[in-house]
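1. task: produce atomic coordinates for the following.
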Amino acid sequence: MQRLPLLIAGLCVFSATAQATGAPGQPPLVVERTIALPNVSGRIDHLAYDGARKRLMVAELGNNTVDIVDLLTGTVLHRITGLKEPQGIAYLPGPNMIVTANADGGDVRFFDGTTFMPRGSVGLGDDADNVRVDTSNGHVLVGYGDGGIAIIDPQRAAKIGDISLGAHPESFQLSLTSRRLFANIPDARRIAVINLAIGKPTAGWSPAFRGNFPMALDEAGHAVIVVFRNPARLATLDMNTGAMTASAETCSDADDVFLDNNRQRIYVSCGSGMIDVVARNGLKRIAYVNSTSGARTSLYVPETDRLYLAVRAGVISGQAAIQIYRPAQ
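-> Numbers count the residues shown, from 1 in each chain. Here you go, the predicted structure:
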């Protein structure tokens, strides 16, 4: 596909300037640049990163497309079309595949990371959502339907296992050290703990708050980091017992949370038009950073040390974009 031009950063920066409240000096996140996603309408969902080629993949749910963004040139290199509400997305460096999970129809599709040609699909029935990769064996894990996580072999494009949860999983994370999955199940007000060796939940935690959507893991700190929407709270839970060890207020309508290990900071991206930057120790807020209303999905990539925020069309400039934030040292 013909390369599309870089959006002039000034179109969005007046609203998305990283302007911290309650913190003196330089804000903890600064808008470095903004990359346009031309002709993209509707909600944007999750993001993935191809480190070898320095590319970002953007699941454009409302547009039924996935954009491949070249971060070196700041352009859209290619657009995958013909999808049905792509939500989850991942990149597999070994087989060089892009994985998309589609809400409408529930299929998981695989594309070549070089040619972008189809390389197979797996039907899950309904609402294929978050995607994770088990780097120990290359399997793809996809939350879907009314309560399942499918285990897929991408080389054969075949489902090889299924984990039953009883209600739709939102964000879930894989602990490589303990071989456990932790899954947010907001409709059941539960966090499921799954032993991957047996493929079944072994525990279910019932947190004090509702709407547990985003999740991250702090393996070194033995903690599960969860953001709730009702009320808007950020919390850490003991990875072994599920006991809540700390909680604090956060921004509303959160959809992603990430741990910056080097700085021991937590980033929470919220549809309210804020990114909450919180110290991992004690969950003390460092700053609220102004972003853009409705921009709630993001991706922090340790390799590039950048936070990528998806901005839907019509909010400020009339054009969808990726805003790239540089953490302050």
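2. where in the stretch 1-150 of the chain is pLDDT low?
-> Low-confidence segments of the stretch 1-150 of the chain (pLDDT under 70): 1-24.
3. now do the strands in it.
-> Taking DSSP state E, counting those that start in this stretch as the criterion, the stretch 1-150 of the chain contains strands spanning 20-21, 29-37, 47-50, 55-60, 65-70, 75-80, 86-92, 97-102, 107-112, 118-123, 131-134, 139-144, 148-153.
4. okay, now the sheet partners of the third one, with direction.
-> Translated: strand 47-50. Paired strands of strand 47-50, with direction, are strand 55-60 (antiparallel) (DSSP bridges).
5. chain center to the strand it pairs with: distance?
-> Mean C-alpha position of strand 55-60 versus that of the full chain (Cα atoms, centre = their mean, to the nearest Å) differs by 11 Å.
6. grab the nearest non-local neighbour of residue 56.
-> Distance criterion Cβ to Cβ, 6 or more residues apart in numbering; nearest residue to residue 56, sequence neighbours excluded, is residue 69 at 4.3 Å. To be clear about C-beta, it is placed using only N, CA and C from the backbone, and glycine gets the same treatment.
7. what's near enough to touch that neighbour?
-> 35, 37, 55-58, 75-77, 322 (Cβ atoms under 8 Å, 6 or more residues apart in numbering).
8. now stretch 261-277 - C-alpha only, CSV.
-> As requested, C-alpha coordinates have been extracted for stretch 261-277 and formatted as CSV (Å, rounded to 0.1, in the frame of the first residue of the first chain):
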residue,chain,number,x,y,z
ASN,A,261,10.2,-1.4,35.4
ASN,A,262,13.2,0.9,35.0
ARG,A,263,11.5,3.9,36.7
GLN,A,264,9.2,1.8,38.9
ARG,A,265,6.2,3.7,37.5
ILE,A,266,2.7,2.6,36.4
TYR,A,267,1.0,4.2,33.4
VAL,A,268,-2.8,4.1,33.2
SER,A,269,-4.5,5.3,30.0
CYS,A,270,-8.0,6.5,30.4
GLY,A,271,-10.9,7.6,28.1
SER,A,272,-11.4,10.6,30.3
GLY,A,273,-8.5,12.3,28.6
MET,A,274,-5.8,11.5,31.1
ILE,A,275,-2.8,9.3,31.6
ASP,A,276,-2.2,8.6,35.3
VAL,A,277,1.5,8.2,36.2
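9. all good on my end, thank you.
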